[in-house]
Every structure is written in structure tokens, then in C-alpha cells.
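>>> Show me the folded form of this:
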Amino acid sequence: MENKCPICGKTRQYKSLSGFYRANKNNLPCRSCSNSIQLGGPGNLYREGNFKICTICNNKKSLDEFFKYPSGHSHSCCKDCSREKSQKYHKSIYRYARYGINKEQYDELFKNQEGKCPICKTELKEEIHIDHDHINGQVRGILCGKCNKGLGQFNDNIKSLTNAINYLSK
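Now for the predicted structure:
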């Protein structure tokens, strides 16, 4: 049995006749629109056929501005909001898990370093990196982007870094 959602207009399939009749009789939205509305969103609203309202920024955007599921349906939030959401996730949860630490351990490292890069002593503001030993994976500290990239260019090789210091000392 098929029925259209009164909000997004997508055709929905129902497993039972009772589900179909209940949705049809009460003009119920599909599960995805219903979940969006329960969370305070507008539902997966389509306007003028090729437009949809993003459930995060609440802006009306073209369907081209939404990622698509393999089924062909659009995501509930636009590409911009989806990317921003993904970046926040990676900067918060994934970032720490990747190095085997949690947010509290990261905050403690940051506090112990007084918010400064231990190499160049500049204040850690924008490009912040969790430095780790590439052999054993142990976290060494938090570095600014320049210092982290510098160590990376020398492959964490103490002899090469010593040679660079000797060269600069001439």
C-alpha cells in the first residue's frame, strides 16, 4: 500500500493495511517529517517542487543543495549545514579518539602547556595539532600548525633536527 506524506509529498509504503488507513485517515506525515517536527524543525518541507527547507538553518534551498541518499531522497539538512556538522564532530569527538585521549585529557594537556605551543611558545589559537609519536602512538603534546609541520618534515628524526640546529648556528 502506498500513501503520500502531507508535508513532503513523498510516496510512503506501509507494511499493513492498518498503518495505511491510520496515516491516510489522520493525514499523518512520514516518519522523517514527523521526527523533524518533534525536534522543533519544519519537517522535510518541499516548496514549489524543487525546493526544501533545511532542518538546521531553516533556509529554503534548491534540492541540488542537499546531499542525496542512495534511495534518491534528500537529506534533511543542506550541504553547508551537513559539512559544518561533520567538521564539529571531527574537531570534537573524532579528533580525540584518533589519538586515544578524551576531551578532559586534551583540556588537561592544554592547561599544563598554559595554552601555548611548547616549541615556539606562541599562544595556541587557530591551527592546533595533537602531536604524537608515530612509532608508539603516544601523545606528546599540543602544537601549533607550523611546529607540527616542521617536526613532520624532519620525520621526527632527532639527528636531522640536530643537524638543522647546527646549520642555523653557523
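
>>> list the contacts for Ala164?
Residues in contact with Ala164 (C-beta atoms under 8 Å, 6 or more residues apart in numbering) are Phe154. Just so you know, the C-beta spots here come from the backbone N, C-alpha and C atoms, and that holds for glycine as well.

>>> can I see the domain layout of this protein?
Annotated domains of the chain cover 2-81, 101-169 [automatic domain parsing].

>>> those strands in the chain, which residues are they?
Ranges of strands within the chain are 2-4, 11-13, 46-47, 51-53, 60-62, 128-132, 139-144, based on DSSP state E.

>>> quick one, which of those strands is nearest to Arg95?
strand 128-132 (7.0 Å; C-beta to C-beta).

>>> mind listing what the closest one pairs with, with the direction of each?
strand 139-144 (antiparallel) (DSSP bridges).

>>> which parts of the partner strand are buried?
For strand 139-144, burial by neighbour count (16 or more other C-beta atoms under 10 Å) applies to 139, 141-144.

>>> Tabulate the residues you listed (JSON lines), appending pLDDT and distance to His75.
Listed next are the buried residues of strand 139-144 as JSON lines, based on pLDDT from 0 to 100; distance: C-beta to C-beta, whole Å:
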{"residue": "Val139", "pLDDT": "90", "distance to His75": "35"}
{"residue": "Gly141", "pLDDT": "91", "distance to His75": "38"}
{"residue": "Ile142", "pLDDT": "90", "distance to His75": "34"}
{"residue": "Leu143", "pLDDT": "91", "distance to His75": "36"}
{"residue": "Cys144", "pLDDT": "90", "distance to His75": "35"}
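
>>> Need the max-distance pair from these.
Val139 and Cys144 (15.8 Å).
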